[in-house]
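Colleague: Everything below, folded, please.
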Amino acid sequence: MTAAAPPQIPLIEEFLQAMSADRGLARNSLDAYRRDLEAAASRLAATGSTIDSCDAEDLRRVLAGWHTDGLAPRSVARRLSALRQMMAWLVEERRRDDNPCRWIDNPKAPATLPKSLSESEITALIAAAQRLQPDRKALQMTAMLELLYATGLRVSELVSLPADQFRRDLATIIVHGKGGRERLVALGGPARLAVSRWLAHLDETGAGAAAHFLFPVGDTHITRQQFASALKRLSQAAGIDASRVSPHILRHSFATHMLNRGADLRGLQTLLGHADISTTQIYTATRPDRLAGLVAEAHPLAGARQQD
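Modeller: Coordinates of the predicted model:
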């Protein structure tokens, strides 16, 4: 016996189509919205309500149920955010008279700082990649690691990189990020060398001419899950606890190390593709000494106060 499909799927899909058209959301973002909204619709159905007819009390019962289930506050807040946006759309489309989410407070999530690896651990990972067998695996994994650590790309951006722009120019690449936003990213020497060697291998084996993606698998590209699994295995070979290593941890490591070495916060925001600098600012919390140093070095009254 198959499980019943979540209720209100047509209405949710209509909303997602509108979101895609208006905001150009990436497929991964739309899938996340879909999961959260279907979870909310299922919970509302259990209380005898729907997304387009519920009131604030119905929503409070839904949130209470999620908390009872042990859902993390951050996950509850994310689902509530999806509901807020769909409710606002329903009001705009005159499918609802009100947005009951206005009366619901966001759950307070504990602040968490980005986790990162040390520079020596990054070096150990890359060295372990270079020792992989066969050569194809070593060259591909080394190129992916060097690119990820040199640029701070999201894993979805990394695996879907097209090969052609690397053949035209290895100094800079154009990355298509969240929401269809483009940004220019510069490559350092080690990353350029690793990608050059990988492209040469593809050409030597005859796989380069037909490959649309830089990291091809058949007619498509390596998946995020495949790369993440390979990274876990590589971390064990490098003597690093696999639970501490993921593609996103490498992105955090890039940002943390750049800031530690004096990178400008606005510049880092551009490199990471953050729409809002507040997202980038969380990395400053990992180095309070760095913040104090910046004030001492850059504030116009810092020197004058010390002389008084």
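
Colleague: And what about the nearest residue to residue 280 once chain neighbours are set aside, helix, strand or coil?
Modeller: Among residues not flanking residue 280 along the chain, residue 269 sits closest, at 4.3 Å (C-beta to C-beta, 6 or more residues apart in numbering). C-beta here means a position set from N, CA and C on the backbone, and glycine is covered the same way. Here residue 269 is recorded as helix under DSSP: H, G, I helix; E, B strand; the rest coil.

Colleague: With residue 184 instead?
Modeller: Applying three-state DSSP: residue 184 is strand.

Colleague: quick one on the thing from earlier: where's the residue nearest to residue 280 relative to residue 152, distance?
Modeller: The gap separating residue 269 from residue 152 is 11 Å, by C-beta to C-beta, to the nearest Å.

Colleague: One more: residue 158?
Modeller: Plainly put, residue 158 is 10 Å away from residue 152 if you go by C-beta to C-beta.

Colleague: go on, residue 258?
Modeller: In terms of C-beta to C-beta, residue 258 sits 8 Å off from residue 152.

Colleague: Identify the contacts common to the two.
Modeller: Residues touching both residue 258 and residue 152 by C-beta atoms under 8 Å, 6 or more residues apart in numbering: residue 271.

Colleague: Residue 115 contacts residue 252, doesn't it?
Modeller: Yes - using C-beta atoms under 8 Å, residue 115 is in contact with residue 252, at 6.1 Å.

Colleague: Between these two, tell me which one has more neighbours.
Modeller: Higher neighbour count among residue 115 and residue 252: residue 252, with 21 against 14, using other C-beta atoms under 10 Å.

Colleague: Comparing residue 269 and residue 152, which residue is more hemmed in?
Modeller: Between residue 269 and residue 152, counted using other C-beta under 10 Å, residue 152 has the larger neighbour count: 22 against 19.

Colleague: Listing request: residues of the protein with sub-threshold pLDDT.
Modeller: Judged by pLDDT under 70, the chain has its weakly predicted residues at 1-7, 108-113, 284-308.

Colleague: Excluding covalently adjacent residues, which one is nearest to residue 101?
Modeller: Using C-beta to C-beta, 6+ apart, the nearest residue to residue 101 is residue 84, at 4.3 Å.

Colleague: For residue 102, see how far away the one you found is.
Modeller: On the measure of C-beta to C-beta, residue 84 and residue 102 end up 8 Å apart.

Colleague: try residue 62
Modeller: 15 Å.

Colleague: Over to residue 173?
Modeller: Distance of residue 173 to residue 102, given as C-beta to C-beta: 43 Å.

Colleague: higher neighbour count, the two?
Modeller: Between residue 173 and residue 102, counted using other C-beta under 10 Å, the more crowded position is residue 173 (23 against 10).

Colleague: chain center to the helix or strand encompassing the more buried one, what's the gap?
Modeller: Assigned by DSSP states H and E, residue 173 falls within strand 172-176. In terms of C-alpha atoms, centre = their mean, to the nearest Å, the gap separating the centre of strand 172-176 from the centre of its chain is 16 Å.

Colleague: just checking, what packs against it?
Modeller: Packing partners of strand 172-176 (3 or more C-beta pairs under 8 Å, 6 or more residues apart in numbering; DSSP states H and E): helix 164-168, strand 182-186.

Colleague: Quick check: nearest residue in space to the most centrally placed residue in the chain, chain neighbours excluded?
Modeller: By C-alpha atoms, centre = their mean, the chain has its centre lying nearest to residue 154, at 5.2 Å. Counting by C-beta to C-beta, 6+ apart, residue 154 lies nearest to residue 251, which is 6.5 Å off, once chain neighbours are set aside.

Colleague: Then residue 55?
Modeller: residue 100 (5.2 Å).

Colleague: This protein: strands as residue ranges?
Modeller: Shown for the chain, the strands assigned by DSSP state E span residues 172-176, 182-186, 216-217, 220-221.

Colleague: Dump the ones you listed into TSV; add distance to residue 196 as well.
Modeller: Output for the strands of the chain, formatted as TSV (distance: least, C-beta to C-beta, whole Å):
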stretch	distance to residue 196
strand 172-176	13
strand 182-186	16
strand 216-217	17
strand 220-221	19
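
Colleague: Let me see the contact set for residue 257.
Modeller: Going by C-beta under 8 Å, 6+ apart, residue 257 touches 116, 119, 122.

Colleague: wait, which of these is closest to residue 186?
Modeller: Nearest to residue 186 out of the contacts of residue 257 is residue 122 (C-beta to C-beta; 18.4 Å).
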